[in-house]
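A.B. asks: Pasting a predicted model and its sequence here:
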Amino acid sequence: MDMLIALSSLPLAPTPPGQRIRKPIGPEHDLVVAWVARHFSPAWASEARAALANRPLTLFIAARGDPGELLGFCAYDATARGFVGPIGVRDTARRSGIGAALLLACLHDMRSMGYGYAVAGAVGAPDFFRRVAGAIDIPDSTPGLYAGMLRAPSAAP
């Protein structure tokens, strides 16, 4: 299911204590893509790569410490223009506010770029998007943009 988010009335994006929400710099791009592939999926890594190729960048990361430990990411304009996601937070950092901060950073950036609405595609956690961004369901949106998408073959014989 896809969800629609109005960007005109977003809450502020608080950053959890000890974390930094930012866009990665050039030397970090390969590390971010590899981290996304390792912790999530090759498909999400492809979307991260697309967001990192956009100018301006359309991907935010959450990190802590120096050197930074990557905790999560969120992208937009990676699947298609106006789409937000994917978003992923490391298992050990979930329920800390990082996901909300990343999503809101992307949504505020989209608004500053002139978007009025964002679409969250193929949402796996609709309650999160409703709570954080006031997202609403888009009826009859499955499979939507993802119809006919190439997928990696399963490992099972």
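C.D. replies: Cool, got the structure. Residues are numbered from 1 along each chain as shown.
A.B. asks: confidence score at G116?
C.D. replies: pLDDT, G116: 98.
A.B. asks: dump the residue contacts of the closest residue in space to it that isn't next to it in sequence.
C.D. replies: Spatial nearest neighbour of G116, chain neighbours left out: L7 (5.9 Å); criterion: CB to CB, 6 or more residues apart in numbering. Bear in mind the C-beta positions are built from the backbone N, C-alpha and C, glycine included. By CB atoms under 8 Å, 6 or more residues apart in numbering, L7 lies in contact with L107, M110, R111, Y115, G116, Y117, A118.
A.B. asks: and the first one, what element?
C.D. replies: In other words, L107. In the assignment (DSSP states H and E), L107 maps to helix 98-112.
A.B. asks: gap between that helix and the chain center?
C.D. replies: A distance of 9 Å separates the centroid of the chain from that of helix 98-112, by CA atoms, centre = their mean, to the nearest Å.
A.B. asks: That helix: which residues count as buried?
C.D. replies: Buried positions in helix 98-112, judged by neighbour count with 16 or more other CB atoms under 10 Å: 98-111.
A.B. asks: Perfect, I'm done here.
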